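1. attaching a predicted model along with its sequence, questions to come.
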Amino acid sequence: MVNVNDVIDILFSNFVENQKDKKSTILKLETIKNEFRLKKISDLLNIYPSKHVVRNKIEKIADINDNYLKSEVEIKGYITDVEKKTSKNINDKVYLSAKICDNSGYINLIWFKNIENMMKLFKNNLEQFIIKGTIEKFNNEYSISHPSFSTDKSKNISRNIVTSYPSVSLFSKIKIDQRFFRKVFDFLFENLNDFEDYLPQTIIDKYKMVSEYKALRYLHKPDNFEQLRQSQRRLKFDELFLLQLKRQYFDIDRKQNNSGIICNNLELLNKFYKDILKDKITLTDDQKNVIKEIYHDLKSGVRMNRLLQGDVGCGKTIVAFIISLIVIGSKYQVTMLVPTEILAIQHYNKLKNWCLELNINIALLTGSTKTTEKREILENINKGNINLIIGTHSLLNDSIIYNNLGLVIIDEQHKFGVLQRSNVIKPNNNTDNNKLPHMLLMSATPIPRTLAMTLYDNFSISSIHQLPSNRKGIKTVHIDDSLKEYMFKRIRDEINKGRQCYFIYPLIEESGKVNLKNISQGYSELNKYFYDLEIGVVHGGMNIKDREIIMEKFKNNEINILIATTVIEVGIDVPNATIIVIEEADRYGLAQLHQIRGRVGRGDYESYCFLVTKRNISKNSKERMKALVQYSDGFNISEIDLKLRGGGDIFGKEQSGEFKLKIADIYNDINILTVAKNESLKILQDSHDLEKYPKLKKKIEEENVNLGNIV
């Protein structure tokens, strides 16, 4: 027997001893161990099934067609034509050939192992068998290789509910299939001792939940749907409860140590309004209100933890700069973390002239910054000679030591995980009593109300709904490939007016390499139709300097059409671009489509977005296209996106793990989330350091969460 905290090698060694082909089994287990980074048996338990499949239907052979290829089926019938044969294609390898027949037809069966025993079993056997395996097609006939089987009188060879586990391409090469996974988990639960539950028994009893052991057992080996329901209910609660507990624990710690830097010097701000803004930029009422809210935080003496959300192009960057002036005027430094180098460069170029007029030292720090220049920047940051630092993930480097950091701004905050955000808060040389800097998170992906109430309630939230008055809006159209001729004419009309156009193509990655097939084909197609125009190409696989050159030419209207991938998704600002075409738009999530669309409509001209798809797309894709055509407001779109996507993957695959859920769905499980939030608050009110709940504290520590570093 094994225990949940035993090293995984103990279980795997015992498993190997029960297998005939030990060498192959060891290779499979090592592959699984490395792929999922398994150290303890508990890690194996946390590989959740990707789905549960009902397997209680016996298929009629006549009903099987090409739609069944690669699918697992069960067939009941008589075994006939049992014969030992020699394969001419596989080095004269001997195999067993047979057929299973029901009253509607037959399917070929093939075995390469244990041939003699199976010949004895099947030959002249008048019993019916239940065969289970994957449908293949060879020489225009359906077949099953190496099917499992049982007699009709014996216990069914499969459970009514069968688990299916996540797989990777490497697994198929060494024949790790679903049956092997299930075999491992069967062995695990045959040998696993029950273990103590980390959750207080009062909570388990209050909500009539099963134990953690039973929940995992029922998830991996459910005997019926009631067990599966109980398992999912408990594990969803666990996931959301731990998420809330971690977040609230850190917030209690923040509030207990909430002494903040006081920033109340308005000298630079007034100079900026008077000498630079003048009549050039008119702030919206929403922008003015947000500035007032943030200023109130900065001068309060309590550390700010605020989320600023606003639609694409609403003017969050200038708000961030204005509040930075208050902090810099109060003799503190400001750092701004952004997700891409292109966006960092754009922010830097936009702000550097203003900084020059205000006698503010600004620096840009990215992965492309040369070593000597980087060393000089770091030295000047440390000495306090640089007031405003803009950078990418380079700002997460441990070598940065600020002189007097007063404000951390994180743009497109959902691109960064909690721990990444906290890593921006670096040691200070001179900050009084080691007070932590204020924190402002910014997002052009508005947070759905459901999340704001539950997962972001430790943040003060400011919203900018209004767009600048000069914005004409974006007309969005969904077309299929057959209407491209019409779209090309519309683009030609706009370019004849002096405007510019984006074409966005999905960038496909294969085996870690970028496949530029879509872009190459797109360029060839556009070059034929727009042969007389300048066409440029940018994508994430390019050298940053080459991308900068192309982008600069596009900004200067030296390029009429820019072909790009989603590298231009965030923050690119070319007011003269009035048309954006998104090819294969059904490949993108709703929030991402809205972000991409926001690259146009940034000037004084009416703009257009074409969503191009094939005629036949999924129902979900149609809903996304319909939402984009109907709504221009990111706040509405965020709610629809959450509903369509579900809460398990709130911000898509680029989210760094903060809300990556394995089994819970925040939209559909809002009731469980609310209960989990309330119970976690009660726990912390009873014991803010969790000393009264040692098993719960240990659970959090086992998840490798640094309790002191979350913001």
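-> Received the coordinates, thanks.
2. please make it C-alpha for all contacts and neighbour counts, starting now.
-> OK.
3. in whichever helix in the chain runs longest, which residues are buried?
-> When the chain is parsed with DSSP state H, its longest helix is helix 225-256. Of all the residues in helix 225-256, those buried under the rule 16 or more other CA atoms under 10 Å are 227-228, 230-254.
4. try stretch 694-701
-> For stretch 694-701, by 16+ other CA under 10 Å, it's 695-696, 700.
5. how about stretch 206-217?
-> 209-217.
6. got it, and stretch 459-469?
-> 459-468.
7. restricting to C-alpha, output the helix or strand residue 545 falls within in PDB.
-> Under the criterion of DSSP states H and E, residue 545 resides in helix 544-555. C-alpha atoms of helix 544-555 as PDB (Å, rounded to 0.1, in the frame of the first residue of the first chain):
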ATOM      1  CA  ILE A 544      12.400  43.400 -33.000                       C
ATOM      2  CA  LYS A 545      14.500  46.000 -35.000                       C
ATOM      3  CA  ASP A 546      13.000  44.800 -38.300                       C
ATOM      4  CA  ARG A 547       9.500  45.000 -36.800                       C
ATOM      5  CA  GLU A 548      10.300  48.600 -35.600                       C
ATOM      6  CA  ILE A 549      11.300  49.700 -39.100                       C
ATOM      7  CA  ILE A 550       8.200  48.300 -40.700                       C
ATOM      8  CA  MET A 551       5.900  49.800 -37.900                       C
ATOM      9  CA  GLU A 552       7.600  53.200 -38.300                       C
ATOM     10  CA  LYS A 553       7.000  53.100 -42.100                       C
ATOM     11  CA  PHE A 554       3.400  52.200 -41.500                       C
ATOM     12  CA  LYS A 555       3.000  55.100 -39.000                       C
END
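8. circling back: just put the buried residues of stretch 459-469 in a markdown table and tack on secondary structure.
-> Conversion of these to a markdown table gives the following (DSSP: H, G, I helix; E, B strand; the rest coil):
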| residue | secondary structure |
| --- | --- |
| 459 | coil |
| 460 | strand |
| 461 | strand |
| 462 | strand |
| 463 | strand |
| 464 | strand |
| 465 | coil |
| 466 | coil |
| 467 | coil |
| 468 | coil |
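9. please, where are all the helices along the stretch 401-550 of the chain?
-> Counting by DSSP state H, counting those that start in this stretch, the stretch 401-550 of the chain has these helices, from start to end: 418-423, 449-454, 484-496, 517-529, 544-555.
10. so which of those comes closest to residue 356?
-> helix 544-555 (21.4 Å; CA to CA).
11. average pLDDT across the closest one?
-> Averaging pLDDT along helix 544-555 gives 86.
12. same question for the longest strand seen in the chain: list its buried residues.
-> Scanning the chain for the longest strand, with DSSP state E as the assignment, gives strand 72-86. Within strand 72-86, the residues scored as buried using 16+ other CA under 10 Å are 73-80, 82, 84.
13. closest to residue 296 out of the buried residues of stretch 694-701?
-> The closest of those, once distances to residue 296 are taken by CA to CA, is residue 700, at 35.2 Å.
14. from the buried residues of strand 72-86, which is closest to residue 328?
-> Nearest member of these to residue 328, counting by CA to CA, is residue 73, at 68.3 Å.
15. surely the closest one meets residue 143?
-> No - counting by CA atoms under 8 Å, residue 73 does not reach residue 143; the two are 11.3 Å apart.
16. need the residues touching each of these two.
-> residue 135 (CA atoms under 8 Å, 6 or more residues apart in numbering).
17. quick check, nearest of the buried residues of strand 72-86 to residue 48?
-> Once CA to CA is applied, the member of those that ends up nearest residue 48 is residue 73, at 23.1 Å.
18. any idea how far residue 95 is from the closest one?
-> As judged by CA to CA, to the nearest Å, residue 73 and residue 95 stand 22 Å apart.
19. and the host helix or strand of residue 675, average pLDDT?
-> For residue 675, the host element (DSSP H and E) is helix 670-686. Mean pLDDT, computed over helix 670-686, is 89.
20. quick one: distance of that helix to the chain centre.
-> How far helix 670-686 lies from its chain's middle: 25 Å, per CA atoms, centre = their mean, to the nearest Å.
21. ok, back up a step: out of the helices of the stretch 401-550 of the chain, which comes closest to residue 590?
-> Nearest of those (CA to CA): helix 449-454, 16.7 Å.
22. got the domain ranges for the protein?
-> 1-55+182-195, 57-158, 267-464, 474-632 (automatic domain parsing).
23. strands of the stretch 51-200 of the chain, start to end?
-> Under the criterion DSSP state E, counting those that start in this stretch, the stretch 51-200 of the chain carries strands at the ranges 51-54, 72-86, 94-102, 105-111, 128-138, 141-145, 148-151, 161-164.
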